[in-house]
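Trainee: here are the coordinates; sequence isn't available:
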């Protein structure tokens, strides 16, 4: 059994503020340890379930957050950016399950550090007219590979969002949102134990996953300039000054969306594309 781990940071045990998750934040270095240990709990749970290989993709921000020297040595790590498939770089149909560690709810939800792809001026995303964020896009892309999402950890709003996409996904709430930068925390040892045991249980009851149809991805940006530049990509249509839409197979859309993010970074920072 091959297991793939996508590791974000906002939904990690104990973290609630931008200072926790963005370098050079006051608590960022400590938070890297917390992130690595949440991932280690999932790795232990995967091997307890009979995993033969675990690949971890650092999927947050600079994608250089996990500490290789503290990571369970049985796992392999993808670190750094850019990556063509972003948060699911390295995933393929060879894997049997996806574990999402440290995820957060989408923009507009009153969850801990909620947003949709921070730093990219995204106001809203829709997949087939359904509001979505990082959780929904990852779930749909994994299904296109034929790989089920078995587990997600994060705050309670991220867990609720996941269940709304797929009730079969096991979830572990490691904190309960009080506001966007405040939460009631689950004790660290208790949260890690829950991640490990729920990972093992989830891998013993995997649901089938498949998606071979066409989808429509629509993104509303805060900046009209981003939409203007994206409109030059073949197949991308501008619906208004700040909204673009495109149709295609899910994996094509996911890779194209990661290109959208690169264009957005270049446009909003006034930097060259390459």
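Mentor: Done, it's in. Everything quoted here is computed from the prediction, not taken from an experiment. Residues are numbered from 1 along each chain as shown.
Trainee: For residue 130, give me phi and psi.
Mentor: Main-chain torsions, residue 130, degrees, to the nearest 10: phi -100, psi 130.
Trainee: That one touches residue 137, doesn't it?
Mentor: No. Contact criterion C-beta atoms under 8 Å: residue 130 and residue 137 do not qualify, at 10.9 Å. For every residue, glycine as well, the C-beta is placed using N, CA and C.
Trainee: Counting neighbours, go ahead and name the busier of those two.
Mentor: residue 137 (23 against 12; other C-beta atoms under 10 Å).
Trainee: helix, strand or coil for the closest residue to residue 133 other than its chain neighbours?
Mentor: For residue 133, ignoring the flanking residues on the chain, the nearest one in space by C-beta to C-beta, 6 or more residues apart in numbering is residue 106 at 2.5 Å. Secondary structure state of residue 106, per DSSP: H, G, I helix; E, B strand; the rest coil, is coil.
Trainee: Please report phi then psi for residue 106.
Mentor: phi -80, psi 170.
Trainee: what number of residues lie near it?
Mentor: 23.
Trainee: My read is that it contacts residue 125, right?
Mentor: Yes. Counting by C-beta under 8 Å, residue 106 touches residue 125, with 7.3 Å between them.
Trainee: Skipping its backbone neighbours, what lies nearest residue 107 in space?
Mentor: Using C-beta to C-beta, 6+ apart, the closest residue to residue 107 is residue 116 (4.1 Å).
Trainee: and if you look at residue 184?
Mentor: Nearest non-adjacent residue to residue 184 (C-beta to C-beta, 6+ apart): residue 176, at 4.6 Å.
Trainee: Just give me the neighbour total for the one you found.
Mentor: Using other C-beta under 10 Å, the number of residues around residue 176 comes to 15.
Trainee: circling back: ok, the residue nearest to residue 133 - contacts?
Mentor: Contacts for residue 106 (C-beta atoms under 8 Å, 6 or more residues apart in numbering) come out as 114, 115, 116, 125, 131, 132, 133, 134, 135, 136, 161.
Trainee: 10 Å instead, please
Mentor: Residue 106 is in contact with 114-117, 122, 124-125, 131-137, 157-158, 161, counting by C-beta atoms under 10 Å, 6 or more residues apart in numbering.
Trainee: For residue 237, list each beta-bridge partner.
Mentor: residue 245 (DSSP bridges).
Trainee: I'd say it and residue 246 touch.
Mentor: Yes. Between residue 237 and residue 246 there is a contact under C-beta atoms under 10 Å: 6.9 Å.
Trainee: higher neighbour count, those two?
Mentor: Set residue 237 next to residue 246 and count neighbours by other C-beta under 10 Å: residue 246 wins out with 20 against 13.
Trainee: Measure how buried the residue nearest to the more buried one when sequence neighbours are not counted is and give me the count.
Mentor: Leaving aside its sequence neighbours, residue 246 sits nearest to residue 236 (C-beta to C-beta, 6+ apart; 4.8 Å). Number of residues near residue 236 (other C-beta under 10 Å) recorded here: 19.
Trainee: Also the one 3 residues further on?
Mentor: Residues contacting residue 239 under the criterion other C-beta under 10 Å number 12.
Trainee: Need the pLDDT of it.
Mentor: You'll see residue 239 listed with a pLDDT of 98.
Trainee: intersection of neighbour lists for residue 106 and residue 125?
Mentor: With C-beta under 10 Å, 6+ apart as the test, residue 106 and residue 125 both reach 116, 117, 131, 132, 133, 134, 136, 137.
Trainee: Looking at those, which one is closest to residue 167?
Mentor: residue 136 (14.0 Å; C-beta to C-beta).
Trainee: list the contacts for the residue sitting nearest the centre point of the chain?
Mentor: Centroid check for the chain by C-alpha atoms, centre = their mean gives residue 134 as the closest residue, at 5.0 Å. The contact partners of residue 134, by C-beta under 10 Å, 6+ apart, come to 6, 8, 10, 59, 86-87, 100, 103-107, 115-118, 125, 158, 161.
Trainee: of all the shared contacts of residue 106 and residue 125, which two lie farthest apart?
Mentor: Top of the distance list for the shared contacts of residue 106 and residue 125 (C-beta to C-beta): 117 and 131, 14.0 Å.
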